[in-house]
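Asks: what follows is a protein structure lacking sequence information:
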């Protein structure tokens, strides 16, 4: 691609992004960012592939990604080029011709050999970001790199955080005007979370906002003693953006360590020790990084109800009024609808079996806990549902503008968990907790791909599965919803009814959602596959079944309609 | 249990290290090439198994699986004796102490005492598979 064409595409992209309304941001004909659009809907307007012809999908091309760790990347497709990162660092970023998979360039970063021991949950990378002729890559050694989108040449590299003290970056950054914004992982290593914004052209840092307030800042009093310094609240997943409000939405991980005796009352009567802003949804001013509002889903978290799941933005008709909403299927099992202008709670209902809390108090916005389900130091809480994988984990949900439904990959698991004594040491796993997650909930299934009505707050239909850790969901204007499973079966589903209309085995487990894009008037479906490797370790015998479900791998498979 | 009370090198490893340094006058060619064998001082202590299991689940289960149940073979510690035979205790002690940083295994020396490590190993000895 010529640099002139690249500039033109960059310009078009900027216009499209600027035109993205605060309602349902359009993904356009390609797939320009991780969540498909700024609203993280993973909904595409394309309808060439639809409920009538989905059975005719056939493989157009396959590309090996060259690594075998968990493949969690969502490719970005811009100007006919697919930019896809691999696991293990990433070991590679490829620029591929989106029509035939041929390689335009390959980026292979120099990574230190010892970054693996400060990464909690697999050697993953969830993709890159594109803007103005540049590709932005975040890495497990907590660096961010800008590449020339035409050549793959490195333009700048910045150290976001020091990896040796337990920081890493697993998810792509967010483009906000002329900035590129990133969070980082480390909630299991006693880090203090932050969101950081850099200039796209130079890599110079413009703002940094800690998720946990320091001394003198409001919210610091919600921590016992010095516990705020190692309190987690990391920002390891992706942000969303509302250009009209100029608000960046990022959410925060579990409080650290998991054992709550270190940072509060060690009781359901949490008192002042809510541990702000962990397990929270935050809204940041796009220019300054100032926190505009916060909403804490799980105060004084002791269950690893890490709150990072993606905020999906949509304007919903609630009570006869169009409301600028933010939807979140939280790890803690509740589906939240907030007003994204001010963080006010509109509704919250359980989307899976929840027993740690009876309900969310609408007046205070806080959960009404069952004290028997709160683990304490040396005191087990048994059969707590959901378990710490959550009602939903990072595997993304999709909101279809066409059906008005949200498609959620859910879990049906419970746990036993207790607090333990443990000392903090920089760069070491710091949980202060013991747990058994090898527990199926009732029903005979371990997961369910669920269609959820976010206004009525109820399940519409579901596909129950015998293995947990389903891949993320993607929906289209063709009346379809696509997702994959740990065996490597990708499924095309009628988005209204849940009928499976098409399936194809790609040979290795699927964790991330498929994407779709159009090049030269033809719609494609792309699936990144490579069975998950790290997190099943937490699950004992259930995890062993996930690992046995398919061999590890690393491929991108692209489908087209046959005759 | 107060873990901090057990920090530091155990007397056993100290003795081994001391013996290893003694000038026995053995010709160089006959010196063992492998590291000196390190044995579990708590071998057979059934009373420590449950405590070892709990410690293992606290510190190791996120990578090696709760109760050592793990589907990824390289991380499956139920296979230590299949893999290392009578060197299992030595390999265990050295790997946990010094880490395998390029494979994701941290260095635990200075964080977990020998007494904790050997309690974990005492538990692991009860779950070894022959398959």
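Replies: Yep, it's here. Everything numeric in this text was worked out from a predicted model, so none of it was measured.
Asks: where does chain B get nearest to chain A, which residue?
Replies: Among the residues of chain B, residue B:71 lies nearest to chain A; the distance is 3.2 Å by C-beta to the nearest C-beta. Any C-beta I mention is one placed from the backbone N, CA and C, and that applies to glycine too.
Asks: and that residue, how far from residue B:78?
Replies: Relative to residue B:78, residue B:71 is positioned 11 Å away (C-beta to C-beta, to the nearest Å).
Asks: correct me, but residue A:306 touches residue A:331?
Replies: Yes: with contact defined as C-beta atoms under 8 Å, residue A:306 counts as touching residue A:331 (5.4 Å).
Asks: show me the contacts for residue A:250.
Replies: Going by C-beta atoms under 8 Å, 6 or more residues apart in numbering or on different chains, residue A:250 touches A:174, A:181, A:183, A:195, A:235, A:239, A:240, A:282, A:284.
Asks: could you tell me whether it really is in a strand?
Replies: Yes: looking at residue A:250 with DSSP: H, G, I helix; E, B strand; the rest coil, it is inside a strand.
Asks: beta-bridge partners for it, please?
Replies: When bridges are called by DSSP bridges, residue A:250 pairs up with residue A:282.
Asks: what score does it have for pLDDT?
Replies: Residue A:250 carries a pLDDT value of 98.
Asks: and if you look at residue A:563?
Replies: Residue A:563 is given a pLDDT of 81.
Asks: count of residues packed around it?
Replies: The local packing of residue A:563 (other C-beta atoms under 10 Å in any protein chain shown) involves 4 other residues.
Asks: any idea how far chain B is from the closest residue to it other than its chain neighbours?
Replies: Sequence neighbours aside, residue A:56 is the residue nearest to residue A:563 in space, at 7.5 Å (criterion: C-beta to C-beta, 6 or more residues apart in numbering or on different chains). From residue A:56 across to chain B, the span is 36 Å (C-beta to the nearest C-beta, to the nearest Å).
Asks: now do the same contact list for residue A:56.
Replies: A:561, A:562, A:563.
Asks: and residue A:151, by the same measure?
Replies: Residue A:151 sits in contact with residue A:105, where contact means C-beta under 8 Å, 6+ apart.
Asks: surely residue A:162 is in contact with residue A:142?
Replies: Yes: contact between residue A:162 and residue A:142 holds when scored by C-beta under 8 Å: they sit 6.8 Å apart.
Asks: so which of these two has more stuff around it?
Replies: residue A:142 (25 against 14).
Asks: which residues touch the more buried one?
Replies: Counted by C-beta under 8 Å, 6+ apart, residue A:142 has contacts A:159, A:160, A:161, A:162, A:163, A:167, A:168, A:169, A:184.
Asks: quick one, what contacts the second one?
Replies: Pointing back at residue A:160 there. Residue A:160 neighbours (C-beta under 8 Å, 6+ apart): A:138, A:142, A:143, A:144, A:167, A:169, A:182, A:184, A:196.
Asks: try the first one
Replies: With contacts defined as C-beta under 8 Å, 6+ apart, residue A:159 is in contact with A:142, A:143.
Asks: around chain A, pick out the residues from chain B.
Replies: Contact residues (C-beta under 8 Å from any C-beta of the partner chain) of chain B with chain A: B:3-4, B:54, B:57-59, B:61-67, B:69-72, B:75, B:99, B:101-107, B:110-111.
Asks: up against chain B, what does the stretch 351-500 of chain A have?
Replies: A:420-423, A:425, A:427-429, A:431, A:433-438.
Asks: strands of chain B, start to end?
Replies: Assigned strands in chain B: none (criterion: DSSP state E).
Asks: and residue A:393, how far from residue A:236?
Replies: Applying C-beta to C-beta to residue A:393 and residue A:236 gives a distance of 12 Å.
Asks: number of residues surrounding whatever residue of chain A ends up closest to chain B?
Replies: Chain B sits closest to residue A:547 of chain A, with a gap of 3.2 Å, by C-beta to the nearest C-beta. If you count neighbours by other C-beta under 10 Å, residue A:547 ends up with 22.
Asks: that one should be in a helix, yeah?
Replies: Yes: checked against three-state DSSP, residue A:547 lies within a helix.
Asks: contact partners for the nearest residue to residue A:51 once chain neighbours are set aside?
Replies: Counting by C-beta to C-beta, 6+ apart, residue A:479 is the residue found nearest to residue A:51 once chain neighbours are left out, at 4.3 Å. Contacts for residue A:479 (C-beta under 8 Å, 6+ apart) come out as A:47, A:50, A:51, A:402, A:494, A:495, A:496.
Asks: quick one: the helices in chain A, in order.
Replies: A:3-19, A:540-548 (DSSP state H).
Asks: return the member of those helices having the minimum mean pLDDT.
Replies: Among those, helix A:3-19 scores lowest, with a mean of 46.
Asks: related to what we said a few turns ago, what sits in contact with each of residue A:306 and residue A:331?
Replies: A:388, A:390.
Asks: which one of those two is surrounded by more residues?
Replies: Taking neighbours as other C-beta under 10 Å, residue A:306 and residue A:331 compare with residue A:306 leading, 33 against 29.
Asks: for the more buried one, give me its contacts.
Replies: Per C-beta under 8 Å, 6+ apart, neighbours of residue A:306: A:187, A:253, A:254, A:279, A:331, A:388, A:390.
Asks: and for residue A:520, the neighbour number?
Replies: Neighbours of residue A:520 (other C-beta under 10 Å): 7.
Asks: for it, what are its contacts?
Replies: Contacts of residue A:520 (C-beta under 8 Å, 6+ apart): A:80, A:99.
Asks: give me phi/psi at it?
Replies: Taking degrees, to the nearest 10, you get phi 50, psi 40 for the backbone angles of residue A:520.
Asks: where are the low-confidence patches of the chain?
Replies: Answering for chain A, as no chain was given. Counting by pLDDT under 70, the low-confidence segments of chain A come to A:1-27.
Asks: look at chain B instead
Replies: Within chain B, the ranges that satisfy pLDDT under 70 run B:1-35.
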